[in-house]
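Enquirer: Predicted model and sequence below, questions to follow.
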Amino acid sequence: MDRHAVGQMDRRHDDISPSSTMDDLPATALPPRRTEASSMHHTIRLRAGSAVAWGGSSMVDEGQTFLCHLGLGKEFEWGEPVLDPAPVLLPASLSEVASGNLHSLFLSSDGGVWSCGAGWDGPLGHGDESSLSVPRPISALAALKIERIAAGGAHSLAISELGGLWSWGWGRYGQLGHGDECSHHVPRHFMGMHTVRFVQVAAGDAHSLAACSRGHAYSFGRAEHGQCG
């Protein structure tokens, strides 16, 4: 069974490369960063640069719930759902958070990106499929200053200070935007769109959206229900 809980439906309408979907969006100032993010089963919130997390997941094994995506440490890899906000310990002040189905991203004030949770298909960006209960900095992005992050079903996206767009993780429906349907275990830069400066990004279960400084929106990924516009 597909662990991403995505049915095997007709994929003829999937967009595997970014395409502009709304050319009339007004160009505006940079949107505020997300200080709270929720998936179906967990929530992350920023408080004065520090993160707290709570919740659980739908993945249960021998009565234990998968909890790595909360980022609360090794004692919280599996167990009972966390009902009260608990601190996520990171050695950096945070400016934005993002939550996928079973993984989480944290953006530090100096532009670093940290990830934790389920590593299947690479949404953590560390080059493997290991799961992490303690957030780890993504070394492939260390030379960049990241401004925005987004987490989808099992994929991740980031925008750099210069407006470049990076994506990694599960790519079966083209939601990474690289023109293929492959998963990538480390962040990969969008090629062929060097003249576009992205300012915001969002991710659904198997599709993605990105807005540029000119007020255009681009969509890519699973589209049979019209979610790519």
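Expert: Good, I have the coordinates. Residues are numbered from 1 along each chain as shown.
Enquirer: going forward, measure contacts and count neighbours with C-alpha atoms only.
Expert: Fine.
Enquirer: how about the residue most central in space within the chain, what does it touch?
Expert: Compute the mean C-alpha point of the chain, and by CA atoms, centre = their mean the closest residue is Ala151, 1.6 Å away. Counting by CA atoms under 8 Å, 6 or more residues apart in numbering, Ala151 makes contact with 98-100, 103-105, 157, 202-204.
Enquirer: quick one: pLDDT of His13?
Expert: Looking at His13, its pLDDT reads 47.
Enquirer: Buried residues of stretch 129-147, list them for me.
Expert: 129, 131-139, 141, 144-147 (16 or more other CA atoms under 10 Å).
Enquirer: Tabulate the CA atom coordinates of that stretch in CSV.
Expert: Extracted C-alpha coordinates of stretch 129-147, given in CSV (Å, rounded to 0.1, in the frame of the first residue of the first chain):
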residue,chain,number,x,y,z
GLU,A,129,15.6,7.9,3.9
SER,A,130,16.4,7.9,7.6
SER,A,131,13.8,9.2,10.0
LEU,A,132,14.8,11.8,12.5
SER,A,133,13.2,12.7,15.8
VAL,A,134,15.7,15.6,16.4
PRO,A,135,15.8,18.4,13.8
ARG,A,136,19.0,18.4,11.7
PRO,A,137,20.3,21.2,9.5
ILE,A,138,20.1,20.5,5.8
SER,A,139,23.7,20.7,4.7
ALA,A,140,22.9,21.0,1.0
LEU,A,141,21.3,24.4,1.7
ALA,A,142,24.1,25.6,4.0
ALA,A,143,25.7,27.9,1.5
LEU,A,144,22.3,29.7,0.8
LYS,A,145,20.2,32.1,2.8
ILE,A,146,16.7,30.6,2.7
GLU,A,147,13.8,33.0,3.0
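Enquirer: what's in contact with that stretch?
Expert: So stretch 129-147 is contacted by 67-74, 76-77, 90, 107, 110-122, 124-126, 158-161, 185-187 (CA under 8 Å, 6+ apart).
Enquirer: Am I right that Ser219 is in contact with Ala210?
Expert: Yes: with contact defined as CA atoms under 8 Å, Ser219 reaches Ala210; the gap is 6.5 Å.
Enquirer: distance of the residue of the chain most remote from its centre from Glu75?
Expert: Centroid-distance maximum for the chain: Glu62 at 28.4 Å, with CA atoms, centre = their mean. Computed as CA to CA, to the nearest Å, the Glu62 to Glu75 distance reads 17 Å.
Enquirer: Alright, calling it a day.
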